[in-house]
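**Student:** Build me a model:
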Amino acid sequence: MPLRTTRQCFNKGDAVEVLKTNPFNIWFPATVLRSTPFKKTRNSQIYVEFQTISEEVRRREYVNINDVRPAPPPELHRYFKVGDNVEVLYKEKGWRKGKVGDILENYVYLVSVDSVEEEIVKVEQWGLRVYRVWDDGSWLPPLQLHQLRLKNIPEVDLKSRGVKLRIKCSQSWKEKFSEGMSVEVKGDKKGCYGSWHIAAIVKSVGYDKFLVEYQKLKTVNGSQFLKEEVGASCIRPCPPEIQSFHPFEHLDRVDAWFNDGWWEGHITEVLGGLKYVVCLMTTEEELVFEHSMLRPHQEWVKEKWVTSREYDMRRSSSDMTLKSKELKIRIKCSGRITSEPKFSKGMRVEVKSDEEGYQGSWYTAVIVESIGQHNFLVEYLTLRTEDESEPLKEKADASDIRPCPPVIQRVDRFKMLEEVDAWYNDGWWVGLICKILDGLKYMVYFWTTNEELVFDHFTLRPHQEWINGKWVIAFMKKSKLQLKPKLENFKGQDGRLSRHTIFCVGAKVEVKSNEEGYQGSWYPATIVRSLRNGKYLLRYQTLETDDETDLLTEEADALSIRPSPPVIQQADQFRPLDEVDAWYNGGWWAGQVCKVLEGSNYTVYFRTANEIVEFQHSDLRPHQNWLDGEWIAFK
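**Tutor:** Prediction:
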């Protein structure tokens, strides 16, 4: 037992360990709830809360201060040999003294713990630590500080002119992990060892410890997200997202999303329908996963992410840069450089499709070669020829090509009506989150096809637009039309509604607003039920309640409702003076094309607002009128 010659003082919040001696000596992790009093009270006792993992409700009690010691700091990457005196995390409750008897595979040890009757326990490396005694304010044997601080050792540079010290300190833990930073935390408890869970840094609570809040794990009662203190050695930045468009192959190393965390494993069998059998490394279980629930495995080595695939990507990226430099063409006209190719051979891009049924979708491809001034031959990474024998190659106009957008790591859930790109039919399709479902799933509304489909979290990405040579996140776009739709005081639509038009429950419709500033806008909705006096209760697909928790449901007069128009996708460019509907702020706004711009963009004039706004081709549709129960295309 430790020998104390001076009284130990503890402050509120200190991590400590409390000795219990019945039926054997064991140190329980705890947290000080009240600082050590200056005067002796309650027989020199302090108030603590035990951190025992297996207890649902953490126990609090007064304990004798002589039975309390500081919690020893963790020692990183510590391995043990047979005969070492150690402490074992016994049944995940507290630390018991023992001796290493044997070393098994995968860093598992057999340890004989101190007890009247011989007891041998099997424990993984994370459940062991060096046996030390807390003696008069210090640990015996002493801690190896060079192991704790890693690279944080000041270097002293002695100059010849006098004795000048220049101290260089590497980046501290606090600088590496800042408050609010998204990270992954390693599971170090039984049944979770080797898994990584998404969390956010709340604050630093010591030299190498942080309080984190998990993004998926909740407390026992499920009322809030779990918070706990974690050693810096168990924290790493979130790995960069590697889009895996090709199927995984046999023996590929992957991380599988399982039980709210990422588990390392490898592909043991490739099944049909983009499904795989994965053997998890720590549990050696074989489970079936869909492609969307896997990611290429990466290792955090020397503060860098390393994977074989990432190495290949970096190498190809380097080659691409070199080739790009070689392919720069200087065209002289009156002694000045007039143009330079925008896309180079080997560059990875996204190509837009405006074919009927595919309007507004984007497909990943590689530039094969330039064809003329404004066209390129591209090879798709996800589309193949009709006989499936090779990747599809075709000519694409420069206006339909854009660089691949930067990856935005989205660890939190998407929000209602957030604009996203959904991975569907081998391409990215822009849509709106119209419902948040359980199990990291969402209902997404596509205004180009007037459809609603369900997607997993990992098949969505935040929508970005390529504007003036820069990527702009959808919610950061600036527009002159600073309007937030409010549908009130319907006055009836222009034109006539047939007396025989009846909307059935579940019918997809569009609802008009005649409120000042919103004239000429129509919002997609679904009929919930019919009411009296020619009214309907309907649920909007793109408008939400004031508290932003659900889609808006309200009554509307039949004169302000029309069926959803048939989808007409215009593959050819619109022309000046064409009547169009423009998708803006969750609704369709009637306008007129003013000017045709480069890159399949247009300026559109809105009579009701007397403003001109720029739109992409995929955000426009030919204008149609609902007259006498029929749709009339505007000529």
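
**Student:** Next, give phi and psi for Gly127.
**Tutor:** Dihedral pair for Gly127: phi -90, psi 20, per degrees, to the nearest 10.

**Student:** nearest residue to it other than its sequence neighbours?
**Tutor:** Counting by Cβ to Cβ, 6 or more residues apart in numbering, Leu89 is the residue found nearest to Gly127 once chain neighbours are left out, at 4.1 Å. Placement of C-beta: from N, CA and C, glycine included.

**Student:** who touches that neighbour in this structure?
**Tutor:** The contact partners of Leu89, by Cβ atoms under 8 Å, 6 or more residues apart in numbering, come to Trp95, Val123, Gly127, Leu128.

**Student:** burial count for Val183?
**Tutor:** Neighbourhood size, Val183 [other Cβ atoms under 10 Å]: 21.

**Student:** same thing with Trp428?
**Tutor:** When neighbours are counted by other Cβ under 10 Å, Trp428 registers 24.

**Student:** Surely it touches Cys404?
**Tutor:** No. Judged on Cβ atoms under 8 Å, Trp428 makes no contact with Cys404 at a distance of 10.1 Å.

**Student:** Now do the shared contacts for the two.
**Tutor:** With Cβ under 8 Å, 6+ apart, Trp428 and Cys404 have common neighbours Glu350.

**Student:** low pLDDT regions in the stretch 201-350 of the chain?
**Tutor:** Scanning the stretch 201-350 of the chain for pLDDT under 70 picks out 207, 243-246, 307-341.

**Student:** Do you have the strands of it handy? List them.
**Tutor:** 209-218, 225-231, 235-237, 253-258, 261-271, 275-280, 286-290, 294-296, 299-301, 304-306, 332-333, 336-337, 348-353 (DSSP state E, counting those that start in this stretch).

**Student:** Residues in contact with the fifth one: which ones?
**Tutor:** Which is strand 261-271. Contacts for strand 261-271 (Cβ under 8 Å, 6+ apart): 184, 187, 192, 194-198, 216, 247-256, 276-283, 286, 288, 295, 297.

**Student:** Go ahead and build a ChimeraX selection from the buried members of the residues you listed.
**Tutor:** For the buried members of the contacts of strand 261-271, the matching ChimeraX selection, counting by 16 or more other Cβ atoms under 10 Å, is:
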select :184,187,192,194,195,196,197,198,216,248,252,253,254,255,256,276,278,279,280,282,283,295,297
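
**Student:** Could you report the separation of Asn85 from Pro141?
**Tutor:** 10 Å (Cβ to Cβ, to the nearest Å).

**Student:** correct me, but Trp626 touches Ile561?
**Tutor:** No. With contact defined as Cβ under 8 Å, Trp626 does not reach Ile561; the gap is 9.7 Å.

**Student:** of the two, who's got more company?
**Tutor:** The residue with more neighbours, out of Trp626 and Ile561, is Ile561; 25 against 21, by other Cβ under 10 Å.

**Student:** So that one is in contact with Glu510, correct?
**Tutor:** Yes. Using Cβ under 8 Å, Ile561 makes contact with Glu510 at a distance of 7.4 Å.

**Student:** and Phe414, helix, strand or coil?
**Tutor:** Here Phe414 is recorded as coil under DSSP: H, G, I helix; E, B strand; the rest coil.

**Student:** Tell me how far it lies from Thr459.
**Tutor:** 11 Å.

**Student:** what touches both of these two?
**Tutor:** Common neighbours of Phe414 and Thr459, using Cβ under 8 Å, 6+ apart, do not exist here.

**Student:** Spell out the secondary structure type for the nearest residue to Glu451 once chain neighbours are set aside.
**Tutor:** Leaving out its chain neighbours, the residue that sits closest to Glu451 by Cβ to Cβ, 6+ apart is Tyr445, at 7.5 Å. Secondary structure, three-state DSSP: Tyr445 is strand.
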